[in-house]
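> Let me see the structure of the following:
(2 chains)
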Number of protein chains: 2
Amino acid sequence: MPAPVKSVLPVVLLGCGGVGRYLLRHIVSCRPLHANQGVAVRVVGVADSSSLLVADDVHSSGLDDALLTQLCAAKAAGSPLSALLGQGHCQLFQNPEARSKVIDAATTLGRTTGCLVLVDCSATYDTVSLLKDAVDHGCCIVLANKKPLTGAYEDFQKLVSNFRRIRFESTVGAGLPVIASATHIIASGDPVSRIVGSLSGTLGYVMSELEDGKKFSEVVKNAKSLGYTEPDLRDDLGGMDVARKALILARLLGQQISMDYINVESLYPSELGPDAVSTEDFLESGLVQLDRSVEERVKAASSRGNVLRYVCEIGSTGCQVGLKELPKDSALGRLRGSDNVIYSRCYESSPLVIQGAGAGNDTTAAGVLADIIDLQDLFRKTA
Amino acid sequence: MPAPVKSVLPVVLLGCGGVGRYLLRHIVSCRPLHANQGVAVRVVGVADSSSLLVADDVHSSGLDDALLTQLCAAKAAGSPLSALLGQGHCQLFQNPEARSKVIDAATTLGRTTGCLVLVDCSATYDTVSLLKDAVDHGCCIVLANKKPLTGAYEDFQKLVSNFRRIRFESTVGAGLPVIASATHIIASGDPVSRIVGSLSGTLGYVMSELEDGKKFSEVVKNAKSLGYTEPDLRDDLGGMDVARKALILARLLGQQISMDYINVESLYPSELGPDAVSTEDFLESGLVQLDRSVEERVKAASSRGNVLRYVCEIGSTGCQVGLKELPKDSALGRLRGSDNVIYSRCYESSPLVIQGAGAGNDTTAAGVLADIIDLQDLFRKTA
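Residues are numbered from 1 along each chain as shown, chains lettered A, B, ... in the order given. Reported below is the predicted structural model:
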């Protein structure tokens, strides 16, 4: 027999492509599990880049599971949300009206409980102003989208101003407990002094393969054919994705900095950048020009008993993103994949290492759902 | 300027020896940090094995920081709590009356909020019935003490019956986020299939040293002189401490088992057990008898490219604690110290590895404090 429902979490999802679609599936398939735990996730609205589908009565019911399943199928097939009109007790609003309807839903749900969980699984800066409005209306925020936390510092500050009402574990290393661990350590009065992370699955793969003596251009092309890379390889090789994660971690540690402050080392020179060379030409003839210099660096590191890793390093003196020579038997040198190492008073000589699958839609969506569930105490029904 | 206090957490501490004393120190030194975060920890009572010191008015004030500091000094000097009488606005009660006074405090604080956080930093089974009473009275529970969770299954079930009101991260690997990570993964609908842990700092040290070709008896004596071991070495070498942690993890994964069910491999035979041989004799002449067989096992493993680790393994088919041969380059074979590896759908080919300082009073107390702070949403003041 399921437990009595103690917490109902009303959710509006922004972005129902990759991660968002997996999230909706997980929510539907977890119903029995969550019922056993006395918690229920009620999806009251789903938005894509142009419109919002919202339940007729956000206060007492959400979009039903049949509709959510249809929605996932429609988005997988590339259809817009409007294709779902007439399928259930819901209404469709186009931008810019859609935005105000989210705030309407928050107002309807009231400010006495946690209000509404606004979940951002998009990959755009466009959601920031809506998220900030939502904070003002008492909403909780869950982010897989890194961009709202990596723009202006004032935006970050606003979004985390009620720190118990925001979760953003999946912005760094998918579901890996990096943000939660750092937050817990800080809360226990043990100041985090340094975080070193290898936060790109793509670059982690590339650097490991180079160590085995393979050519840079071949390894990168391999990564592409395995589906590990962005459509334009340079989005990975330029380090901006890692830099965004580094900025989130630095700000979490209290550094009031912006992206300009972070030294980001690109693995390609500006002469081979998107403004100068097409994606195809970069792949065909650009990459191979980098082989020799990369090989020399790998060999030089190896001759010193070291390995090269593309890491971010956040310390009290600043924040760097780029290639770093590390002893082969150091925590980061030994590990492969998505790795994070946290240093503090308690974790000084034996640092906290968190390693594991740190990418992929399924894993990221699972991390987002765990974040939503973690807010349940703010949504307890009063007896 | 500190934030307005949003949550006040009234705490009664059971056990003010090692971990408990560090906890009190951390609570006092974290006051400014917690004030900034809008949270306050109010220690309303502290108990040792014979008595309870409790604030006169648990509803509006706790034991003040000067008294808590004196208390830490008194306990460090081996004095009883009664030495502190007359030092502040508090009363002292002896057992068995002390117990009922804890429940009185819970009743006074009322059931409308999280009530009271009962923190068990003792190392005894004797607290179980008080903890169960506290659950009935709506209290939250935070445990560093493993024993209440490793007795009868019914006791475990009772203590975790309101799962949002209990935290026990520090029972396994001190502050390492093992319990929290497994709980989050499960909540996201990603079933945890297996946990493998090297959960004893002592045995982790011993196995690493053996790998470097040293003799078992010498390594163990070294561990003792470094202060890594219990007074009777066999408390470590027998594996019961690891077995208790394994049982907690197994029960967390839903296995309704008891200690009898766990296969525990002891590193010494029963002929050298505490009933047959004194602690001194074991150290002087017992240990050396084990050298040859241990050396043979280490060599046999090494010849197969493997290393020996003393691990617990919790899977769907059961729970084992003992020596295991692992490939040198596997997640657990590569790592040293307190390591935990969690496997699930999302973490199958690239499992979640959590490694770091997993022992020590300071680190364990920091983990306990993080657990207390994590309950704050259940103690929010209503505006």
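> Next, give phi and psi for the residue in the stretch 1-150 of chain A positioned nearest to chain B.
For the stretch 1-150 of chain A and chain B, the shortest gap (CB to the nearest CB) falls at A:Cys30, measuring 3.9 Å. For glycine as for every other residue, the C-beta is placed from the backbone atoms N, C-alpha and C. In terms of degrees, to the nearest 10, the main-chain angles of A:Cys30 are phi -90, psi 0.
> I'd assumed B:Ile186 was in contact with it.
No - applying CB atoms under 8 Å, one finds A:Cys30 not in contact with B:Ile186, separated by 10.1 Å.
> before we move on, the earlier item: the residue nearest to the residue of the stretch 1-150 of chain A closest to chain B when sequence neighbours are not counted: how many residues sit nearby?
Spatial nearest neighbour of A:Cys30, chain neighbours left out: B:Gly189 (3.9 Å); criterion: CB to CB, 6 or more residues apart in numbering or on different chains. B:Gly189 has 23 neighbouring residues, counting by other CB atoms under 10 Å in any protein chain shown.
> Can you give me the pLDDT of B:Gly189?
We have a pLDDT of 93 for B:Gly189.
> quick one: it and A:Pro32 touch, right?
No - applying CB under 8 Å as the test, B:Gly189 and A:Pro32 come out as separate, 9.7 Å apart.
> Specify the residue positioned farthest from the middle of chain A.
A:Ser303 (36.6 Å; CA atoms, centre = their mean).
> Now it, what are its backbone angles?
According to degrees, to the nearest 10, A:Ser303 has phi -70, psi -20.
> Could you do A:Gly189 as well?
Dihedral angles for A:Gly189 - degrees, to the nearest 10 - are phi 80, psi 10.
> Tell me which stretches of the stretch 251-383 of chain A form strands.
Remark: strands assigned in the stretch 251-383 of chain A by DSSP state E, counting those that start in this stretch are A:263-264, A:306-315, A:318-327, A:338-344, A:352-356.
> Name the stretch among these that sits most buried.
Mean neighbour count (mean count of other CB atoms under 10 Å in any protein chain shown) peaks for strand A:352-356 among the strands of the stretch 251-383 of chain A, with a mean of 27.
> what sits up against it?
A:173, A:176-178, A:181, A:185, A:331, A:335, A:337-344, B:176-177, B:331, B:335, B:342, B:347, B:350-357 (CB atoms under 8 Å, 6 or more residues apart in numbering or on different chains).
> tell me the secondary structure for A:Asp190?
coil (DSSP: H, G, I helix; E, B strand; the rest coil).
> need the contact list for it.
A:Ser344, A:Arg345, A:Cys346, A:Tyr347, B:Ala366.
> Compute the distance between the fourth one and chain B, please.
When distances are taken as CB to the nearest CB, to the nearest Å, A:Tyr347 and chain B turn out to be 5 Å apart.
> show me where pLDDT drops low in the stretch 251-383 of chain A?
The stretch 251-383 of chain A contains residues with pLDDT under 70 at A:331, A:334-337, A:382-383.
> Kindly state the pLDDT recorded for A:Arg164?
Confidence at A:Arg164, expressed as pLDDT, is 93.
> what's around A:Ser181, how many residues?
Neighbours of A:Ser181 (other CB under 10 Å): 26.
> close enough to count as contact, it and A:Tyr343?
No - counting by CB under 8 Å, A:Ser181 stays clear of A:Tyr343, with 12.0 Å between them.
> Provide a list of residues in contact with the residue nearest to A:Gly201 when sequence neighbours are not counted.
Using CB to CB, 6+ apart and skipping the chain neighbours, the partner closest in space to A:Gly201 is A:Ala359 (4.1 Å). Counting by CB under 8 Å, 6+ apart, A:Ala359 touches A:Ala174, A:Gly201, A:Ser338.
> Tell me the helix or strand right after the stretch of helix or strand A:Met207 belongs to.
Assigned by DSSP states H and E, A:Met207 belongs to helix A:201-211. On the C-terminal side of helix A:201-211, the nearest following helix or strand under DSSP H and E is helix A:216-225.
> got the CA coordinates for whatever helix or strand comes next after that following helix in CSV?
Counting by DSSP H and E, the next helix or strand C-terminal to helix A:216-225 is helix A:234-237. Presented in CSV, the C-alpha positions along helix A:234-237 are these (Å, rounded to 0.1, in the frame of the first residue of the first chain):
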residue,chain,number,x,y,z
ARG,A,234,35.4,23.4,-31.6
ASP,A,235,32.6,23.9,-29.1
ASP,A,236,34.3,21.1,-27.1
LEU,A,237,37.9,21.9,-28.0
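> buried stuff in helix A:234-237?
Buried positions in helix A:234-237, judged by neighbour count with 16 or more other CB atoms under 10 Å in any protein chain shown: A:Arg234, A:Asp236, A:Leu237.
> And the residues you listed, which is closest to chain B?
Minimum distance to chain B across these is 18.2 Å, recorded for A:Asp236 (CB to the nearest CB).
> Pretty sure A:Ser200 is one of the things the closest one touches, is it not?
Yes - judged on CB under 8 Å, A:Asp236 makes contact with A:Ser200 at a distance of 6.5 Å.
> Now do the domain split for chain A, please.
A:7-176+A:362-379, A:192-355 (automatic domain parsing).
> List phi and psi for A:Leu81.
Torsion angles, degrees, to the nearest 10, at A:Leu81: phi -60, psi -30.
> Assumed A:Pro10 was part of a strand.
Yes - under three-state DSSP, A:Pro10 falls within a strand.
> burial measure for the spatially closest residue to A:Ser316 that is not a sequence neighbour, as a count.
Excluding the flanking residues, the one nearest A:Ser316 by CB to CB, 6+ apart is A:Ser193, at 6.4 Å. A:Ser193 has 16 neighbours, counted by other CB under 10 Å.
> mind listing what A:Ser193 touches?
A:Gly315, A:Ser316, A:Tyr343, A:Ser344, A:Arg345, A:Glu348.
> Repeat that for A:Asn145.
A:Leu14, A:Gly15, A:Asp120, A:Cys121, A:Ser122, A:Ala123, A:Thr124, A:Thr127, A:Thr171.
> Can you check the pLDDT for it?
Reported pLDDT for A:Asn145: 96.
> Repeat that for the one 4 residues further on.
pLDDT for A:Leu149: 98.
> helices or strands up against the host helix or strand of it?
Assigned by DSSP H and E, A:Leu149 belongs to helix A:147-150. The contact analysis (3 or more CB pairs under 8 Å, 6 or more residues apart in numbering or on different chains; DSSP states H and E) places helix A:147-150 against helix A:128-136, helix A:153-159, helix A:240-252.
> CA atoms only: put it into PDB for me.
Extracted in PDB, the C-alpha atoms of helix A:147-150 (Å, rounded to 0.1, in the frame of the first residue of the first chain):
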ATOM      1  CA  LYS A 147      23.600  29.600 -18.800                       C
ATOM      2  CA  PRO A 148      21.400  31.300 -16.200                       C
ATOM      3  CA  LEU A 149      24.200  30.800 -13.600                       C
ATOM      4  CA  THR A 150      27.000  31.900 -15.900                       C
END
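> roughly how far out does it sit from the chain middle?
Offset of helix A:147-150 from its chain centre (CA atoms, centre = their mean, to the nearest Å): 10 Å.
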